[in-house]
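J.: next one to model:
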Amino acid sequence: MSRNDFTTIRTEGALLPPGILKRLRDGDTTLPATSASAYHVPPPRRLNEAISEAWNTLQGTWSAYRDARDNLADTDTGTTLTRERWLQPLFQALGYGRLLTHAAITIDGASYPISHRWHHVPIHLVSYRVDLDTRTAGVAGAARQSPHGLVQAYLNATSESLWGIVSNGHHIRLLRDHHTLTRQAYVEFDLQAMLDGDVYPDFVLLYLTLHQSRLEAEKPSDTILEQWATLARETGTRALDRLRDGVHTALETLGQGFLDHPHNTHLRQRLQAGELHTQDYYRQLLRLVYRLLILFAAEDRDLLHPPTASDDAKQRYQHYGTRRLRDIADTVAGGNHPDLFETFKRLTHWLAHDGAPE
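T.: From the prediction side, this is the model:
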């Protein structure tokens, strides 16, 4: 995922999908443990006051850290600076207190040199000079595996932990035990963009997601994060059921609509004569429905335009895109005019032939 409605937040692999994060951001009280007391904020203090106070403190901390970072010698690894001047204060603001360093853990002969631990939660903190997804020779906790890969491998190897955190100071990721090899699963917060860009709404969500209270429990399976992840999986299952029903309805509606349209005499004749088998007609309809679904997802995730596309080009695309179709379908009753379908056919032709630069 995409970033979706968030400026500095990225979620991959449906760990905590955008729908759950949006509900959390919007103050959905049906989510478990979202009250001020659940975040250990005593009355009469309010949760938003605690978050605002943490933000104000961390803005000053980030500014001082950034100045020190920019003046750091090239020969310095930056590990101590990143941890002591920035990440330790961040975790303290999130309720963890001072994180303690932890010795490497060995499981079945494999060593996992994760830097810190909070109860059953591994927390791996590396220098801002270390990429989370790349091995870095000579750097503890990043030499044999990337920092992200190290934490993920540990979570997959142990039954003592379900959730973990990895950060290089510029980005912080929340991970969970996840055995799928083809795709990563995490929630990432771009700390540098958030603080430099003064994106307070995204910090609110960071606070609500990564606060210590979300991970405290005697058993990892009892944490609030695990409750949210379970709810996300159940919500996803229900969404798939609704999608299946929606595809069925779309097939029936489109199929009957094409047959009923007065200009489609040839289609009706071919079906009646057996020149077009009903199964082939069904396959064509199914292809159309899935083209629509793929475009819905691609447009909503802003995946169609190259990074160099201008705002004018994106604006022009909106006249042809499926978002316009969806908006019209929500507000205007259909009729016999085929112009919208003709526009859609032109769009899919362009997308199949390297776009329409003109």
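
J.: for L340, which non-adjacent residue is closest in space?
T.: Leaving out its chain neighbours, the residue that sits closest to L340 by Cβ to Cβ, 6 or more residues apart in numbering is L325, at 6.3 Å. C-beta here means a position set from N, CA and C on the backbone, and glycine is covered the same way.

J.: what's the answer for Y320, then?
T.: Going by Cβ to Cβ, 6+ apart, Y320 has L347 as its nearest residue, at 4.7 Å.

J.: distance of the residue lying closest to L99 once chain neighbours are set aside relative to Q88?
T.: Nearest residue to L99, sequence neighbours excluded (Cβ to Cβ, 6+ apart): H116, at 4.4 Å. The gap separating H116 from Q88 is 9 Å, by Cβ to Cβ, to the nearest Å.

J.: and for the two, which residues touch both?
T.: The contact sets of H116 and Q88 overlap at L99 (Cβ atoms under 8 Å, 6 or more residues apart in numbering).

J.: hang on, the earlier thing: what's the pLDDT at the residue nearest to L99?
T.: Turning to H116, the model gives it a pLDDT of 98.

J.: and what of R3?
T.: Per-residue confidence (pLDDT) for R3: 41.

J.: hang on, the earlier thing: element containing the residue nearest to Y320?
T.: Using DSSP states H and E, L347 sits in helix 339-352.

J.: so which bits of that helix are buried?
T.: Buried residues in helix 339-352, counted by 16 or more other Cβ atoms under 10 Å: F344, L347, L351.

J.: that one - contacts with which helices or strands?
T.: The contact analysis (3 or more Cβ pairs under 8 Å, 6 or more residues apart in numbering; DSSP states H and E) places helix 339-352 against helix 311-320, helix 322-331.

J.: and the ones you listed as JSON lines, adding mean pLDDT and mean neighbour count?
T.: Formatted as JSON lines, these follow (pLDDT from 0 to 100; neighbours: other Cβ atoms under 10 Å):
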{"stretch": "helix 311-320", "mean pLDDT": "87", "mean neighbour count": "12"}
{"stretch": "helix 322-331", "mean pLDDT": "86", "mean neighbour count": "13"}
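
J.: out of these, which gets nearest to A104?
T.: Nearest to A104, of all these, is helix 311-320, at 48.5 Å by Cβ to Cβ.

J.: who does that closest one touch, helix- and strand-wise?
T.: Looks like helix 311-320 contacts helix 339-352 (3+ Cβ pairs under 8 Å, 6+ apart).

J.: next, the angle helix 311-320 makes with the helix it packs on.
T.: 130 degrees (axes from the mean of the first three to the mean of the last three Cα atoms, to 10 degrees).

J.: ok, back up a step: so the residue nearest to Y320 makes contact with G321?
T.: Yes - judged on Cβ atoms under 8 Å, L347 makes contact with G321 at a distance of 7.1 Å.

J.: what's the overlap in contacts for those two?
T.: L295.

J.: assign F91 to helix, strand or coil.
T.: Classification of F91 using DSSP: H, G, I helix; E, B strand; the rest coil returns helix.

J.: tally of neighbours for it?
T.: Using other Cβ atoms under 10 Å, F91 has 23 other residues around it.

J.: how about it: what's its closest non-neighbour residue?
T.: Counting by Cβ to Cβ, 6+ apart, F91 lies nearest to L99, which is 5.5 Å off, once chain neighbours are set aside.

J.: now H337: how far from T343?
T.: 11 Å.

J.: next one: Q184
T.: When distance is defined by Cβ to Cβ, Q184 is 37 Å away from T343.

J.: next: T265.
T.: T265 is 23 Å from T343, where distance means Cβ to Cβ.

J.: and if you look at A14?
T.: 33 Å.

J.: hang on, the earlier thing: report the contact partners of the residue nearest to F91.
T.: Applying Cβ under 8 Å, 6+ apart to L99 gives the contacts Q88, F91, H116, R117, W118, I123, L125.

J.: determine which two of these are furthest apart.
T.: Most distant of those, by Cβ to Cβ, are Q88 and R117, 14.1 Å apart.

J.: what is the burial count for T136?
T.: Applying other Cβ under 10 Å, we find 17 residues neighbouring T136.

J.: equivalent analysis for the one 4 residues further on, please.
T.: Other residues near A140 number 13, with proximity taken as other Cβ under 10 Å.

J.: what of the one 4 residues further on?
T.: Applying the criterion other Cβ under 10 Å, we find 15 residues in the vicinity of R144.
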